[in-house]
Structure formats: C-alpha cells, structure tokens
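Q: How does the following fold in three dimensions:
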Amino acid sequence: MKKALITGANKSIGFETARQLLQQGYHVYLGSRNEENGQEAVEKLNAEGLTEVEAVQLDVSDPESVKAARAQIGQKTDVLDALFNNAGINGGIPQTATGASIDTFKTVYDTNVFGVVSVTQAFLDLLQKSDAPRIVNVSSGMGSLTLHTDPNWKYYHNKGAIYHTSKAALNMYTIILAYELRDTPVKVNAVDPGFTATDFNHHRGTGTVAEAAARLIKYATIGADGPTGKFFSEENNSETGEIPW
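A: I've put the predicted structure just below:
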C-alpha cells in the first residue's frame, strides 16, 4: 500500500485530497496544525468507510513540530511515496508593495516557503526509499512572473505583494529541488489547484475542491516518464496544463 503525507489536510483542498487518495487505496498521514481538528477530519473520513488514515499534528512553521511529526511517522513506516506540501496562508488583504508589513511577509513566508523547505528536508529520506516518490508543491498561478507581466491575463490586476511573491519563491525552490534530484526517481512539480471555492478566499473561487484535489493527485501519480521541475495550472492552460514561471 502506498503512503502519502499531506500538510494542512484537515479541511478544504487538503482534506479532499486525502479523501481521493484513500479512495485510490493509499494510506494517508493527515497533517494538521491543530491536533483536535486533525482528529475530527479523520473521524469524518472514517464515517465514509475510509479507514487507512492517521492524524499527525504538524505545524509547518514550527521546526519542533516538523521534527516531532517526522519521528511519529518514522515509527510507523520506512517509506513515503508522496508528499503534498499543501499548507498555506494568504496573509489577508490588501497587500501592497508600498505598504505591506515586514511582519506579515515573515508570517506568510514561514508557512508558504520555509515550511515547505522544512517538511521536504525532514521527509526526503523516507521518500527516497520509495520506488516512485513524488513531491507536489501546491502553488498558484499568482506566482507566475510571466503571467503577471501580461496585461491580457485575466488575473493581471490581481496583485498581492506577499502571497504572490511567496508562491514565486516556492516555484524557484521547486525548480532547484527538482534539479538536485534529477538523477533520482523523485519527481517534483509545482501545481496550481485553481481558483477554488474555500474559506481561504471566502468561497469566492469558481472551482470545486474535488476538481482541485484531482489536479494535485494527477501529478503525485505520474509514471517514471512523467515530468519533473515543471509548473502546472490547468485553469490557465487547459491543453497541456503547463504554464510559464
């Protein structure tokens, strides 16, 4: 049975990703910053007959929490087949380049960038023991420098100095991580789940969590000939899915 860890999985896209993976026969470690919320999420899945799931207290912005989660999961398995770096925060609005506070920058980057680095480094050894390890960094089309400089892009006027730049930084980390692991079975990609209706955006999104989760899982289940070091957003490219950095 394949095993996956999903950060920020007690609700929204992360929770739906857990549900769909369980339906596909995975064992899921459901990461949640709040232990109680994580356990409630597990109970909801259990009520649906999905039992191969365990809650793991995991605050990606807290190094000690990451270390503890690694120890906990390491006691249960020697191998991890997929890592979904899904946990993220937006930092609120407005986010102007001239007025956004440094403290808010730091808070968002602690989760969206440094948290991804911390979790990836902590669990990489378990991933490398898999025959087909996959890392999905949950990004956003808002992190594309190329699209943000195109006045014809439908989201061109949606500028956010904090959240958008955090995803751009995550994208570069994805490129470098994939490069370093290019001669190994590990495949790493940045995936935009799309403008999804969740509490993250006050349910203003146009897509569903089911659609979003399926997009993430698609790149966690690619074969040996699949891509690595790429940026995918089916919302922005319905043909191939790949979009420019």
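Q: residues in contact with the most centrally placed residue in the chain?
A: The centre of the chain sits closest to residue 86, judged by C-alpha atoms, centre = their mean, with a distance of 2.5 Å. When contacts are counted by C-beta atoms under 8 Å, 6 or more residues apart in numbering, residue 86 touches 6, 7, 8, 9, 13, 14, 17, 136, 138, 216. All C-beta atoms are positioned from the backbone trio N, CA, C, and that covers glycine.
Q: Residue 142 too?
A: 148, 155, 158, 160, 163, 164, 167.
Q: change it to 7 Å
A: Residues counted as contacts of residue 142 (C-beta atoms under 7 Å, 6 or more residues apart in numbering) are 155, 158, 160, 163, 164, 167.
Q: Assign it to helix, strand or coil.
A: Put simply, residue 142 is helix when judged by DSSP: H, G, I helix; E, B strand; the rest coil.
Q: ditto for residue 61
A: Secondary structure for residue 61, judged by three-state DSSP, is coil.
Q: isn't it right up against residue 117?
A: No. Judged on C-beta atoms under 7 Å, residue 61 makes no contact with residue 117 at a distance of 11.2 Å.
Q: So between those two, which is more surrounded?
A: The residue with more neighbours, out of residue 61 and residue 117, is residue 61; 18 against 15, by other C-beta atoms under 10 Å.
Q: any idea how far residue 106 is from the more buried one?
A: 10 Å (C-beta to C-beta, to the nearest Å).
Q: can you pull out the helices in this protein?
A: Applying DSSP state H to the chain gives helices spanning 12-23, 35-47, 63-74, 102-109, 115-127, 145-148, 163-180, 209-220.
Q: For the residue lying farthest from the centre of the chain, give me the pLDDT.
A: Distance to the chain centre peaks in the chain at residue 98, reaching 28.6 Å (criterion: C-alpha atoms, centre = their mean). Note for residue 98: predicted pLDDT of 97.
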